[in-house]
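K.L.:
Below are the sequence and a predicted model for it; my questions follow.
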Amino acid sequence: MKKVGVIGAGTMGQGIANAFASNGYDVTVCDIKIEWAQGGIDKIAGKMDKLVAREKMTAEKAAEVKANLKAGVYEDLADCDLIVEAVLEKMEVKKDLFTKLDEICKDSCIFGTNTSSLSITEIATGIKHNVIGMHFFNPADRMKLVEVISGINTPVETKEAILEISKSLGKTPVEVAEGPGFVVNRILIPMINEAAFILQEGIASVEDIDTAMKLGANHPMGPLALGDLIGLDIVEAIMDVLYNETKDSKYRCCTLIRKMVRGKKLGQKTGVGFYDYSK
Ligand SMILES: NC(=O)c1ccc[n+]([C@@H]2O[C@H](COP(=O)([O-])OP(=O)(O)OC[C@H]3O[C@@H](n4cnc5c(N)ncnc54)[C@H](O)[C@@H]3O)[C@@H](O)[C@H]2O)c1
């Protein structure tokens, strides 16, 4: 298995394309427009040039990785062995994409989705190809974990193939049966939500909540700083998925987070969240 199509040349698509290209795969990157796919590749190349300048990568390795990356259109993906999509986190967008690719890609091609919260089983409904969750973490070229998520109809052989491919990227895969939030987000996001409740109830300050978890639980980053890094809109969306799927009140989103999202205090990306990043 050597030919991979990565769809979506944004934050995750760039990291995923880089991870595959760095490990000898022949990668075609697609986006809504081919220029946007090329833009994503240019950003990956720019990152590598910086690593070469800092002597963290050889010029030969950078040239090799760049040669493995090209921008394309969906029709170029006909002989791909694997597709990994990292487009918008919307069910209809992902389904529409896989419906198009269903007609183009060879039968043995596996459709991987990098969704952080949507049902793999639902994405796969009506799709002839085998679909599986291949959930990378940001930045995808450096973070070691891949959650390999089987939907109810994902064949065991597809899962085995994706576990091996993940290892070939130098990653450590974990096997996950489909369930809202998978493993990492089901634990991590409610923890950030709970930290927001503690703040809202006036039990401790932003700084003290984060210090408590850094020094008391040995976390490298406090939960509120992490919420700011992920984006509070994303935290809210994932809490809503956990709640809507289970109707379990333990997953209700903290109203402080909802208020901050409405007020565009989303964290680092808007310059202010629990902390102020504007200075
Ligand atoms: N950002 C994260 O930390 C993170 C982590 C794990 C998983 N994810 C998941 O990865 C996916 C992408 O997230 P991101 O943060 O990279 O988003 P992003 O907005 O940075 O990039 C999305 C890219 O997809 C392209 N795109 C949108 N619709 C498309 C379509 N129909 N066809 C082709 N390209 C299309 C956009 O032009 C954009 O370049 C989402 O499903 C997200 O939930 C994100």
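P.N.:
Done, it's in.

K.L.:
okay, residue 279: pLDDT?
P.N.:
Residue 279 carries a pLDDT score of 82 in this model.

K.L.:
ditto for residue 117
P.N.:
Model confidence at residue 117 (pLDDT) stands at 88.

K.L.:
From the ligand, how far out is it?
P.N.:
Using CB to the nearest ligand atom, to the nearest Å, one obtains 7 Å as the distance from residue 117 to the ligand. Every C-beta, even on glycine, is put in place using the N, C-alpha and C of the backbone.

K.L.:
Now for residue 153: which residues touch it?
P.N.:
121, 124 (CB atoms under 8 Å, 6 or more residues apart in numbering).

K.L.:
need the residues of the chain near the ligand, please.
P.N.:
Residues of the chain that fall close to the ligand, judged by CB under 6 Å from any ligand atom: 7-13, 31-32, 36, 86-89, 93, 97, 114-116, 136-138.

K.L.:
filter these to the buried ones?
P.N.:
Using 16 or more other CB atoms under 10 Å as the burial test, these include 7-9, 12-13, 31, 36, 86-87, 89, 97, 114-116, 136-137 as buried.

K.L.:
Closest to residue 42 out of those?
P.N.:
Set against residue 42, the nearest of those by CB to CB is residue 9 (9.6 Å).

K.L.:
Report the rounded mean pLDDT for stretch 56-70.
P.N.:
In this model, stretch 56-70 has a mean pLDDT of 97.

K.L.:
And for stretch 221-238?
P.N.:
Mean pLDDT, taken over the full extent of stretch 221-238, equals 95.

K.L.:
and that stretch, how far out from the chain's middle?
P.N.:
Distance, stretch centre to chain centre, for stretch 221-238: 14 Å (CA atoms, centre = their mean, to the nearest Å).

K.L.:
mind checking how far residue 276 is from residue 182?
P.N.:
Between residue 276 and residue 182 the computed distance is 32 Å (CB to CB, to the nearest Å).

K.L.:
Same check on residue 45?
P.N.:
Here the distance between residue 45 and residue 182 works out to 32 Å (CB to CB).

K.L.:
more neighbours, those two?
P.N.:
When residue 45 and residue 182 are compared for neighbours, residue 182 comes out ahead with 21 against 15, by other CB atoms under 10 Å.

K.L.:
Which pLDDT value belongs to whichever residue of the chain sits closest to the ligand?
P.N.:
Closest contact between the chain and the ligand, by CB to the nearest ligand atom, is at residue 10 (1.8 Å). In this prediction, residue 10 carries a pLDDT score of 94.

K.L.:
so what's it up against?
P.N.:
Contact criterion CB under 8 Å, 6+ apart gives 31, 40, 86 as the residues in contact with residue 10.
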